[in-house]
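Student: missing the sequence, but the structure's below:
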C-alpha cells in the first residue's frame, strides 16, 4: 500500500512539472523582428501622400512579432503617357530564408492606371507564426507599371 502512494505521488509530481514546463515554454515562444524594405518603381512614381510630393524610397515595417500583419498605405502615380497595369514583386531577401516566413501582398495587382492618375494602394506584410531564428531581415519591393 505504501508503494502505491509513492507511485501516485511521483506520477502527480511529474504531471505537475510537465504542465509548468509547458506553460513556461509558451511564455518564451515569441520573437521580435525588425525590418526596413527598399522600394523601386518602374514606369510609376510611389509616394507617401495623395498629392505625390513625398516619394517613397524605403518602408520601415518597424518591430514585428510572429503572426503579425501590418499595413502601409502608399500612392502610385502613372508618370508615363499611356495607361499601365500595376504589378508588385519582391527580391533580394536577406536572409534568403525570410521569404519562406514573410509575405508581402497589395490590393492593386493587375490594376489599370490611366495616364497622370494616382491610386491609393495598401501593402500588407504578413509574418508566419512559425518563424524562428530570424531576428532581422530586409528585402526590395519592386512596383511596375506595364503598358
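Tutor: All right, it came through fine. These numbers come from a predicted model, not from an experiment. Numbers count the residues shown, from 1 in each chain.
Student: Tell me the helices and strands packed up against the helix or strand hosting residue 142.
Tutor: Here residue 142 is covered by strand 136-146, with elements defined by DSSP states H and E. On a contact count with 3 or more C-beta pairs under 8 Å, 6 or more residues apart in numbering; DSSP states H and E, strand 136-146 meets strand 33-42, strand 44-47, strand 69-78, strand 84-94, strand 102-106. Where you see a C-beta, it was placed from the backbone N, CA and C, and this is true even at glycine.
Student: Tell me how far residue 57 lies from residue 103.
Tutor: 22 Å (C-beta to C-beta, to the nearest Å).
Student: And residue 115, by the same measure?
Tutor: Distance from residue 115 to residue 103, by C-beta to C-beta: 31 Å.
Student: How is the residue nearest the centre of the chain assigned, secondary-structure-wise?
Tutor: Centrality entry for the chain: nearest residue to the mean C-alpha point is residue 125, 2.9 Å, by C-alpha atoms, centre = their mean. Recorded secondary structure, residue 125: strand (DSSP: H, G, I helix; E, B strand; the rest coil).
Student: do the same with residue 99
Tutor: helix.
Student: quick one: which of the helices and strands packed on strand 136-146 has the weakest pLDDT on average?
Tutor: For the helices and strands packed on strand 136-146, mean pLDDT drops lowest on strand 33-42, to a mean of 63.
Student: Okay, domains of this protein per the record?
Tutor: 1-30, 31-146 (automatic domain parsing).
Student: Please work out which of those is packed deepest.
Tutor: Highest mean neighbour count among the domains of the chain (mean count of other C-beta atoms under 10 Å): domain 31-146, with a mean of 15.
Student: I am finished for the moment; much appreciated.
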